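A.B. asks: using only what follows, build the 3D model:
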Amino acid sequence: MFSSIIDAILSTVNSLGYFGIFIGMIIESSFFPFPSEIILIPAGALIAQGKLSFLIVFFSAILGSLVGACINYFLAFFIGRTAIELALDKYGKFLFLTNKTLKKTDKYFENYGEITTFLGRLIFGVRQLISLPAGFAKMNFWRFAFYTSLGAGVWTIILLSIGYLFGTSGMNLTTNLTFVLLAVALIIGILFYKYSRKN
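C.D. replies: Numbers count the residues shown, from 1 in each chain. I've put the predicted structure just below:
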């Protein structure tokens, strides 16, 4: 069954092409809890097959990530913290986001400033939120865009490389991606379980 899902993901990414990757990364970088692994690992495998161009996928992913991050940045910059907190109180449970998580992200941002914008793009559960404290603090937009793009670029290369590695191995591509996506899902599940227990 999971192999069928992987085939469907590969087919969808291939059919939507670069624009689909761009839109998917916008969603991933905004409020919606949509994992970039589902998009970029299969895209890496399709690059290995010669069906997609690495450079176009890479820049589509970075641009999509930046656009999604800017949505959160400008919401926080212009609407302000109170409105965001009220929205999270009402709708946060549907997006798996809470004000408590937002406050922790604020603390990271206060302690480490701009480097947090970069590192936040590499941390599960923080990636979607890190643009909010940047907006609250009215961080310089161009510096925000630079560090966001840098972090998104590193994350994109990691995921595309994983997909490419499995796409070029001798095993069946669907089997490879089934294995790696199950491993990613297991790791995320363990991290979420430990986080829930801790809090």
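A.B. asks: now this structure, which segments are flagged as low pLDDT?
C.D. replies: Counting by pLDDT under 70, the low-confidence segments of the chain come to 1-14, 31-34, 80-113, 124-125, 169-199.
A.B. asks: so where do the helices sit in the chain?
C.D. replies: Remark: helices assigned in the chain by DSSP state H are 2-29, 37-48, 54-74, 81-95, 99-112, 114-120, 131-136, 141-168, 173-198.
A.B. asks: what angle do the second one and helix 141-168 make?
C.D. replies: When you say that, I think you mean helix 37-48. Using axes from the mean of the first three to the mean of the last three C-alpha atoms, to 10 degrees, the direction of helix 37-48 lies 60 degrees away from that of helix 141-168.
A.B. asks: when you give positions from now on, start the count at 38
C.D. replies: In the new numbering, first residue 38, that becomes helix 74-85.
A.B. asks: so which elements touch helix 74-85?
C.D. replies: The helices and strands touching helix 74-85, judged by 3 or more C-beta pairs under 8 Å, 6 or more residues apart in numbering; DSSP states H and E, are helix 39-66, helix 91-111, helix 178-205, helix 210-235. (C-beta placed from N, C-alpha, C; glycine too.)
A.B. asks: tally of neighbours for the residue nearest to Leu197 when sequence neighbours are not counted?
C.D. replies: Excluding its sequence neighbours, the residue lying closest to Leu197 (C-beta to C-beta, 6 or more residues apart in numbering) is Gly81, at 3.9 Å. In terms of burial, Gly81 registers 28 neighbours under the definition other C-beta atoms under 10 Å.
A.B. asks: touching, Gly81 and Ile199? I think so.
C.D. replies: Yes. At 6.2 Å, Gly81 counts as touching Ile199 under the criterion of C-beta atoms under 8 Å.
A.B. asks: leaving out the residues flanking it, which one is nearest to Leu187?
C.D. replies: Excluding the flanking residues, the one nearest Leu187 by C-beta to C-beta, 6+ apart is Phe155, at 5.5 Å.
A.B. asks: can you tell me how far Leu187 is from Ala106?
C.D. replies: Plainly put, Leu187 is 12 Å away from Ala106 if you go by C-beta to C-beta, to the nearest Å.
A.B. asks: more neighbours: which of these two?
C.D. replies: With other C-beta under 10 Å as the criterion, Leu187 and Ala106 differ in neighbour count, and Ala106 comes out ahead with 32 against 14.
A.B. asks: residues contacting Phe181?
C.D. replies: 106, 110, 154, 168, 171 (C-beta atoms under 8 Å, 6 or more residues apart in numbering).
A.B. asks: neighbours around Leu92, how many?
C.D. replies: Look at Leu92: counted by other C-beta under 10 Å, it has 9 neighbours.
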